[in-house]
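Visitor: model this:
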Amino acid sequence: MEIRIDDLTRHEVEELIMDHLQGMAMHSPEESRHALNLDGLRKPEITFWSAWIDEELVGCGALKELDLRHGEIKSMKTASRHLRKGVSKRMLQHIIEEAKRRGYTRLSLETGSMGAFEPARKLYEGFGFQYCGPFSDYIEDSNSRFMTLKL
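Guide: Prediction:
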């Protein structure tokens, strides 16, 4: 699997992000959806990566710089044909390595509290993320779970 910085212009990437947003709409009320659309992912404080096997898109992930010491994981998504093959694990490792390289001391994320998000929560727990309160501009929300990892 090759993970590369992506400019979000390829059709396959656009489709994966749209699938991600549709999944959020199915499982989270509108006021609790924090996934970014293509324009949101193109902001200068966000680095977006796509993961490929040969020429097939298998997943994506992004890192948002909150400040010089704190990053946020955004838009982790595995293509449906590649679920449970280690794509998200490898992307998460990549994002953590990049956060350390940047000198961040903390990496945080928001995910859903519903059953559909349990695999994601278990993945993050397996990497040592701990549950925490809201960070950055988030507010307390029963539909959200906040997690952080000290680096």
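Visitor: hey, where'd the strands end up in the chain?
Guide: 2-5, 46-53, 56-67, 70-78, 106-112, 130-132, 144-150 (DSSP state E).
Visitor: tell me the mean pLDDT for the fifth one?
Guide: When the per-residue pLDDT values of strand 106-112 are averaged, the result is 97.
Visitor: let me know the outermost residue of this protein.
Guide: Asp54 (22.4 Å; Cα atoms, centre = their mean).
Visitor: how much space separates that residue from Met18?
Guide: The gap separating Asp54 from Met18 is 22 Å, by Cβ to Cβ, to the nearest Å. To be clear about C-beta, it is placed using only N, CA and C from the backbone, and glycine gets the same treatment.
Visitor: can you check the pLDDT for Gly128?
Guide: 98.
Visitor: oh, I was asking about Met26
Guide: Predicted confidence (pLDDT) for Met26: 75.
Visitor: contacts only, for it.
Guide: Under the criterion of Cβ atoms under 8 Å, 6 or more residues apart in numbering, the neighbours of Met26 are Ala116.
Visitor: distance check, it against Val87.
Guide: 21 Å.
Visitor: just confirm Gly133 contacts Arg145, I think it does.
Guide: No - with contact defined as Cβ atoms under 8 Å, Gly133 does not count as touching Arg145 (10.6 Å).
Visitor: the two: which is more packed in?
Guide: More neighbours surround Arg145 than the other of Gly133 and Arg145, with 19 against 9 (other Cβ atoms under 10 Å).
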